[in-house]
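Below are the sequence and a predicted model for it; my questions follow.
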Amino acid sequence: MRSVFWLYLFLFVAFFDLHAQYPILTPFAISLGAAPSFIGLMMGMYSFTHLPGNVMAGYGVDRFGSRIFIVFSLIGAGIILMLQAHVVNPWQLLILRSISGFVLAFLSPACLSLLARMARDHVHQGKLMAGNGLVHTLASVVSPAAGAYLVSQIGFVMAFQALGIGLILVGMLAWLFIQDVQESESPSSKTTAPSIPTSTPAASSEHAPAIPWRFYFMPLAIACSQGILFFELPFMADALTSIMKTGVLFSAISLGALLTLSMLFLNQYSAYMRTWLGSFSLAILFFLLAIHWPVPLLLSLFLIGMTKGIILPALSAHLLLLSGGARYGRIFSILSIASSIGSFIGPMIAGQLRGQLSPYFIAFLVLMTAVTLLPPGKPTSLVKKTVHSTRPPSTNPTT
């Protein structure tokens, strides 16, 4: 459990550092002369360049472990942030954000895969995924306001340099304190299916059940809606005139997520039902934003955060159940690819269509489609099927 503690600690600092940029990137780009459509392109390209990194991470994490990719992502992102402090035009910022997207693409699959391997069983995996969501949310509660305050005190240049140095230091400490867990050593791989030989990755992959491709439309839709929301927030209610106000808006989302992530009893319910109900509620909230319902913006964002706190850990747990406990690096790589595509599409659509159609209505349509396509999980039947195919009938355990 000491490794889990260190991983959570470094993730907290890394997420704090990364989320602190959200409220200041749009004002920084505008100060360089960027138009709203160009800002949408910049946010989209950041997510688009995630794709090659996600593909490489999927096979790399399974083969070489997670630690090297976690360290590479953190140190690389820190160096790019320090360079970002010295850009003088929007195109230079676009190039650096694109490179940063590729570098940080390795972080999420590596961390989620390592957490999955540390778990004792599927229940423990769900708890670790919820812990990851809680750490992520705790970091994002105060980091947007902290980033905005930092800029208001020392300016864009010094703020980006400070955040970059912080990421580099965290990457160095991660190399010292994080230890890899091989899939053959993972307690969850031993308890999930004890009769399956796991001496090689090929054997584990051979018995792994196929994950329906329509599952991945859900992370795509969630990332798309989040990209639309993050693009729109700085333009709302005079937020551009006050970086601090933008930071407060982002923090409201994180506070809502923190509330539901703190409700640990939710982990006792089906991951599928939590994902379905959370996504459906999120879609309804975006529809209400599109029709300008008479509720304060901060309350709407708080409710959106509450749905995210339900969805994100449940989505990872549901994916683990569908996977059958194998190929963690690849399944989380595909999960990150789907999220990257959604994060690319969301800001691009919002930047191009915000004058003709409410981007929130597009988020509503995409989420409702994902809710309709979400496949239910049947982990029990999958395990039984695998056990019967690898043991003689006379030795099968009765249930």
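Noted; the coordinates are in hand.

Could I get the full set of strands for this structure?
Counting by DSSP state E, the chain forms no strands at all.

Distance of G351 relative to A35?
Separation of G351 from A35 (CB to CB, to the nearest Å): 9 Å. C-betas here are computed from N, CA, C, even on glycine.

So between these two, which is more surrounded?
G351 (23 against 12; other CB atoms under 10 Å).

Per-residue pLDDT of the nearest residue to that one once chain neighbours are set aside, please?
Nearest residue to G351, sequence neighbours excluded (CB to CB, 6 or more residues apart in numbering): G40, at 2.2 Å. pLDDT for G40: 78.

Now for G40: which residues touch it?
The neighbourhood of G40, defined by CB atoms under 8 Å, 6 or more residues apart in numbering, consists of 231, 347-348, 350-352.

go on, L373?
214, 217-218.

again with T49
98-99, 101-102, 105.

again, but for I168
With CB under 8 Å, 6+ apart, I168 has these contacts: 74-75, 78-79.

Likewise for L258?
134, 137-138, 141, 305, 309.

how about the contacts of T49 in CSV, adding neighbour count?
What follows is the contacts of T49, written out as CSV (neighbours: other CB atoms under 10 Å):
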residue, neighbour count
S98, 18
I99, 19
G101, 25
F102, 20
A105, 26
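
what's the closest of those to W293?
Closest approach between those and W293, by CB to CB: G101, at 33.9 Å.

Now do the closest one, the pLDDT please.
pLDDT at G101 comes out at 84.

before we move on, what about P397?
Model confidence at P397 (pLDDT) stands at 41.

in the protein, which helix has the most residues?
Ranked by number of residues, the top helix in the chain under DSSP state H is helix 122-177.

For PyMOL, write a command that selects the buried ones of the contacts of L258.
Buried subset of the contacts of L258, written as a PyMOL selection, criterion 16 or more other CB atoms under 10 Å:
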select buried, resi 134+137+138+141+305+309
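
Closest one of the contacts of L258 to F16?
Of these, the one sitting nearest to F16 (CB to CB) turns out to be L138, at 8.5 Å.

Pull out the buried residues from the contacts of G40.
Neighbour-count burial (16+ other CB under 10 Å) is assigned, among the contacts of G40, to 231, 347-348, 350-351.

ok so, going back, how about the contacts of T49 in JSON lines, adding distance to M45?
What follows is the contacts of T49, written out as JSON lines (distance: CB to CB, whole Å):
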{"residue": "S98", "distance to M45": "5"}
{"residue": "I99", "distance to M45": "10"}
{"residue": "G101", "distance to M45": "7"}
{"residue": "F102", "distance to M45": "10"}
{"residue": "A105", "distance to M45": "13"}
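
Tell me if I'm right that A257 and L138 touch.
No - here A257 lies out of contact with L138, judged by CB atoms under 8 Å, at a distance of 9.4 Å.

What segments of the stretch 1-150 of the chain are helices?
Secondary structure of the stretch 1-150 of the chain (DSSP state H, counting those that start in this stretch): helices at 2-19, 22-31, 36-48, 50-64, 67-84, 90-104, 107-118, 122-177.

And those helices: which comes nearest A271?
helix 122-177 (6.7 Å).

M273: neighbouring residues, count only.
The local packing count at M273 equals 13, with neighbours defined by other CB under 10 Å.

cool, H124 as well?
16.

Low-confidence bits of the stretch 151-300 of the chain, can you list those?
Within the stretch 151-300 of the chain, the ranges that satisfy pLDDT under 70 run 182-209, 236-244.

which residues in it form helices?
Under DSSP H, counting those that start in this stretch, the stretch 151-300 of the chain gives helices at 187-192, 201-207, 217-232, 243-261, 271-290, 297-323.

All good on my end, thank you.
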